[in-house]
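S.K.: just a sequence and a predicted model for now, questions to come.
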Amino acid sequence: MIQDFTEANTITIDTYQQIAPIYADSHNLVRLPAFWQERLQRFASTLHSCPAYQANPALPVLDMGCGPGRDSLLLAQMGFNVLGADLSESMLDEARKRYQGQPGGERITFRRMDMHHLDLPDASSTKFMRPVRYASLRGTAALNSGHCSNRQGYG
């Protein structure tokens, strides 16, 4: 049992570095479950109705733990600018390789980032962000809570 989590990031990164291509093959648009598409649509609808987003829709939506970028691409195809962030450079390489040149791909920036140390611009309203579970199979998404609520339920 891990007593402290100082090694957790290293273990996670090492694992995903090894399995990135296999993981990307199993988490693609072809294999997207219908319920997942519906949940992303609900997330997008909530975000579009958020006054904080409406005030500055050019700011990117953060897809933290984006892995091979499937959800980043779907959000970009819904019209959002997206910052896809992940600990694993191999996962980000898969994302860049798979979605470069795809419709919406130009709206995505992929960056290596740790969710414990977000490197975001001052204008990103991170001081208002709170974790919101938007799907039961996904960790958390960052949703500006300034004037938004999670009434629709995401998981």
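M.R.: Great, that's in hand.
S.K.: so residue 98 makes contact with residue 24?
M.R.: Yes: between residue 98 and residue 24 there is a contact at 6.4 Å, judged by C-beta atoms under 8 Å. Backbone N, C-alpha and C define where each C-beta goes, glycine included.
S.K.: tell me which residue is most central in the chain.
M.R.: residue 63 (1.5 Å; C-alpha atoms, centre = their mean).
S.K.: three-state assignment of it?
M.R.: Applying DSSP: H, G, I helix; E, B strand; the rest coil to residue 63 yields a three-state assignment of strand.
S.K.: all further residue positions should be reported with the first residue as 125.
M.R.: All set: I'll call the first residue 125, so the last point we hit is now residue 187.
S.K.: contact partners for it?
M.R.: With contact set as C-beta atoms under 8 Å, 6 or more residues apart in numbering, residue 187 has these partners: 193, 195-196, 199, 206-209, 265.
S.K.: now for residue 222 and residue 148: what residues contact both?
M.R.: By C-beta under 8 Å, 6+ apart, residue 222 and residue 148 have these common neighbours: residue 192.
S.K.: so where's the longest helix in this structure?
M.R.: The longest helix of the chain (DSSP state H) is helix 132-150.
S.K.: could you point out which element follows that one?
M.R.: The helix or strand immediately downstream of helix 132-150 is helix 158-172, counting by DSSP states H and E.
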